[in-house]
Each structure stands twice: as C-alpha cells, then as structure tokens.
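A.B. asks: Sequence first, then the predicted structure:
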Amino acid sequence: MLKELSRLFSLSLALIFVFSCVPKRVEIPVYEGIDVRDVLSAKNNISAIDTTFSIVFEKNDSEMRGEGVLNISRNGDLSLRVYSFGFLALEVTSEKGMIKSNPRIDRNKGKLLTQGLRDCLFWWDIQNFDVDEKDGTYLLKNFSREIWLDKKTILPIKQRVSLDDGRELHISYEDMEKMGDVWYPSKIRIELSQYSVTLKIREILFTGAV
C-alpha cells in the first residue's frame, strides 16, 4: 500500500512539473465593435523594429536558406545582414531611398528586401485608406496598397503593394505571436515576379511600443 502511494505521489509530482513547463496559451484580443482606424493608430508610436529570423530566398527552381538580422525604421531606412552556414552572405543598407548591397543584388531582390520588408513589417502604416467589410475581413485600400485584416483580431492576412513600375508585391501572413503588448505575424512570405522570400521570425523588438 505504501509502495503504491509512493508511486502515485511521484507520478503526481512529475505531472505537475511537466504541466508547469508548458507555456500558457495567450488568446489574441478581439476588437469587434472598435473602429479599425483606432486599433491601427495605436501602433503609430512604433518607430523601429529589430528582428532576427530564418530566411528562404526562392527564384524559379533555386533556393537559398540563411539567418537574418534586421533593423528597420518606419521611414524605410534599414540595415540587413544575412548569414549562411555562419558566414556573412549578404549585407543590405537603405538610407533615404539609397540602397547599397554587398554583393550586388538585382532590382527585384532589392525591392523585396527594402520596400517589401518595410511594408510587410509596418503593415498597419497605411495612410488615407478606405475600408470595405466582407466575409469576416476588413479590406483597407489606398492608391498603392491593399491589406486584408481579420475582422475580429485586426491582424493581417495578406497584402498587395503596387510599385511605381506597375508591378506588385504580394505578401501573406501566418502564425500570430506576441511580444510585450504587440501581436505580430511570425511567418511572412513576400513575392515579386519570379522571386519570393519567406521569413520565420525568431526574436523581435518594437521600439516605441507601449
């Protein structure tokens, strides 16, 4: 009897330890009944984003994988480093629209890694937009951007960005996570012409977030 009680006690302790180690699931806030503009404007204090991520470049049938480190400002200035097998494979900077890279990259890749990263990460920074409601989503639209948001959570589903040359960036979002008080998509895919870039965010910091 004592042996059986001892076994049950040990099992109980083990279960308590296991469940105490399981991360608690935090539910995404629901914003039904709140103006979408108010929810988005609450993020306007975020001035910069620092993030690390795994990255996959795809072009036609070729693929390159690596790890990225990015600092990007709301105005589009950025510093990006991509490592492959521990070695620096690509470095990109953009300041006031002037892009520098080592090694040199073509126009499509440059757009993906500058305007594409800026618009996909600062997805809420869309100005002078109209709002349409349909099938549980908000469609926010202005002259250059369309972004679909989940109506309950006001988080992004996909986005389309029109470029000056008539081409379009297509962005999709998955796997919402939370850092501090900010919810964000941890998996992002950006497509342009024959190129695509997929990011899986590992760590992220929002400068200016309350």
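C.D. replies: It's in.

A.B. asks: Next up, the contacts around the residue most central in space within the chain.
C.D. replies: By C-alpha atoms, centre = their mean, the chain has its centre lying nearest to Pro185, at 4.5 Å. Pro185 is in contact with Leu155, Pro156, Tyr173, Glu174, Asp175, Met176, Glu177, counting by C-beta atoms under 8 Å, 6 or more residues apart in numbering. No exception for glycine: its C-beta is placed from N, CA and C like everyone else's.

A.B. asks: Just to check, Ser147 is in contact with Gln159?
C.D. replies: One thing to correct before we go on: residue 147 is Ile, not Ser. Yes - the pair Ile147 / Gln159 is scored as a contact, 4.3 Å apart, by C-beta atoms under 8 Å.

A.B. asks: which residues do these two both contact?
C.D. replies: Trp123.

A.B. asks: what's the burial count for Ile49?
C.D. replies: Ile49 has 24 neighbouring residues, counting by other C-beta atoms under 10 Å.

A.B. asks: thinking it is in contact with Phe122, fair?
C.D. replies: Yes - using C-beta under 8 Å, Ile49 is in contact with Phe122, at 7.4 Å.

A.B. asks: tell me, what's touching these two both at once?
C.D. replies: Ile72.

A.B. asks: Dump stretch 99-118 to PDB, keeping only the CA atoms.
C.D. replies: Taking Å, rounded to 0.1, in the frame of the first residue of the first chain, the C-alpha atoms of stretch 99-118 are listed here in PDB:
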ATOM      1  CA  ILE A  99      20.300  51.100 -51.500                       C
ATOM      2  CA  LYS A 100      23.700  49.600 -51.100                       C
ATOM      3  CA  SER A 101      24.500  45.900 -51.000                       C
ATOM      4  CA  ASN A 102      27.400  43.500 -50.800                       C
ATOM      5  CA  PRO A 103      27.400  41.600 -53.100                       C
ATOM      6  CA  ARG A 104      25.300  43.500 -55.600                       C
ATOM      7  CA  ILE A 105      21.700  42.400 -56.000                       C
ATOM      8  CA  ASP A 106      19.300  42.900 -58.900                       C
ATOM      9  CA  ARG A 107      16.300  45.300 -58.800                       C
ATOM     10  CA  ASN A 108      13.800  42.600 -57.900                       C
ATOM     11  CA  LYS A 109      15.700  41.400 -54.900                       C
ATOM     12  CA  GLY A 110      16.400  44.900 -53.900                       C
ATOM     13  CA  LYS A 111      12.700  45.800 -53.900                       C
ATOM     14  CA  LEU A 112      11.900  42.600 -51.800                       C
ATOM     15  CA  LEU A 113      14.500  43.400 -49.200                       C
ATOM     16  CA  THR A 114      13.700  47.100 -48.900                       C
ATOM     17  CA  GLN A 115      10.200  48.200 -49.700                       C
ATOM     18  CA  GLY A 116       8.900  44.600 -49.200                       C
ATOM     19  CA  LEU A 117      10.400  44.300 -45.700                       C
ATOM     20  CA  ARG A 118       9.200  47.800 -44.700                       C
END
